[in-house]
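A.B. asks: show me the folded form of this:
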Amino acid sequence: MENSIENRNYLFDNFKGILIFLVVFGHFIENFQDIWNSGYTRVAWQFIYLFHMPGFAFVSGHFSKKNDQRIFEKVLAKQIIPLVTFQFAYEIFNKILFHSFTGATFSLTPYWTLWYLLNLAFWRIFFQMLYRIWFIFIISVILALGVGTVTSIGYPLSISRTLVLFPFFLAGNYFKEKEIIEKLKNSKIRFVCFFMSAIILAVAFVYVWKMRFPNGLYLNSYSYKSFDFSWKKGGFYRLVNLTLAFLCIILLLILTPTKRMLVSEIDRNSMIPYIAHGFLLHLFSIHKFELYKNLYFTFIGGFIFSFLVVYFFGKDKISSVYDKIMTKIVKIVVKAI
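C.D. replies: As a prediction, this is how the structure comes out:
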């Protein structure tokens, strides 16, 4: 048992730990800084949003099994029931905190961060239905670009994000982890990869800095027309964004250690800090002190807050409590159905 743990490859454990940290950090600076006008904050936020959720879609696809006969049962228990549960929890939370309802529970729009649960449900079902089609990746890219031409597209059912990020889900399933790691053991290949990664990182950062796109473009929920882009211009920008996001994901995978780290445990529990941090940020948003407007405080405070949330809520003990509660809720719902 000890040998199996020592020999285990922690690449994706660490990768997911880094991604969930970026999710929390991105939402922190979004809540406490003017990301719409502030230059440094806007660039940091847009750079994170360029690839962090595509990265999650990539990881989810990597661990999705083909020909899963129990896919609908799993999706119901792991995505749909938790989605409805936390939609309702946010309603109660916001009523207590802000004396108002979100209205999300009885709408087709997932509340704030919960869109990922619905997207994941769609991706897993679509994948089971379509993975045998050899050119499905090409179709997914065309749909990701084409959905931006639909002017009525938006947040309902998170359809736009579902289609825009589906290519990353598929790419993650195609990714051959063991083969890549074996090649990276070669010092020459590793050096070339690190060199290319540094270039890609620099290009992506300069691209975000110079282009000054509207923040909404990185949310993948709006039509091109929302930004006064023609379908050609909008499609081109989205294609560039998707390409850079994919390259950043590969870069992060190359840079991510394969040995056990502090964030390794978070991998199997990443959904808990993902859900929990939204409630905490809502709680903090009541007291928007002047200090929050300080750029340095936001980044330092955001780093500390993100680390603590991810580390604490990523613990196995917290996960076991969450699993017990959700198991009981699932049993109640299944019996009612």
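A.B. asks: what segments of this structure are helices?
C.D. replies: When assigned using DSSP state H, the helices of the chain occupy the ranges 2-7, 11-32, 39-62, 71-75, 81-98, 115-130, 136-146, 159-174, 177-184, 187-211, 231-255, 271-284, 295-313, 316-336.
A.B. asks: could you dump these to JSON lines with mean pLDDT and distance to Ser223?
C.D. replies: In this view, the C-beta of every residue, glycine as well, is placed from N, C-alpha and C. As requested, the helices of the chain are arranged in JSON lines below (pLDDT from 0 to 100; distance: least, Cβ to Cβ, whole Å):
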{"stretch": "helix 2-7", "mean pLDDT": "44", "distance to Ser223": "49"}
{"stretch": "helix 11-32", "mean pLDDT": "88", "distance to Ser223": "22"}
{"stretch": "helix 39-62", "mean pLDDT": "89", "distance to Ser223": "18"}
{"stretch": "helix 71-75", "mean pLDDT": "91", "distance to Ser223": "28"}
{"stretch": "helix 81-98", "mean pLDDT": "85", "distance to Ser223": "25"}
{"stretch": "helix 115-130", "mean pLDDT": "94", "distance to Ser223": "17"}
{"stretch": "helix 136-146", "mean pLDDT": "95", "distance to Ser223": "11"}
{"stretch": "helix 159-174", "mean pLDDT": "94", "distance to Ser223": "8"}
{"stretch": "helix 177-184", "mean pLDDT": "66", "distance to Ser223": "36"}
{"stretch": "helix 187-211", "mean pLDDT": "77", "distance to Ser223": "19"}
{"stretch": "helix 231-255", "mean pLDDT": "89", "distance to Ser223": "8"}
{"stretch": "helix 271-284", "mean pLDDT": "86", "distance to Ser223": "26"}
{"stretch": "helix 295-313", "mean pLDDT": "85", "distance to Ser223": "31"}
{"stretch": "helix 316-336", "mean pLDDT": "86", "distance to Ser223": "35"}
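A.B. asks: which residue is nearest the centroid of the protein?
C.D. replies: The residue at the geometric middle of the chain, judged as the C-alpha nearest the mean C-alpha position with Cα atoms, centre = their mean, is Met53 (2.8 Å).
A.B. asks: and it, what does it touch?
C.D. replies: Val23, Tyr116, Arg161, Leu165, Asn220 (Cβ atoms under 8 Å, 6 or more residues apart in numbering).
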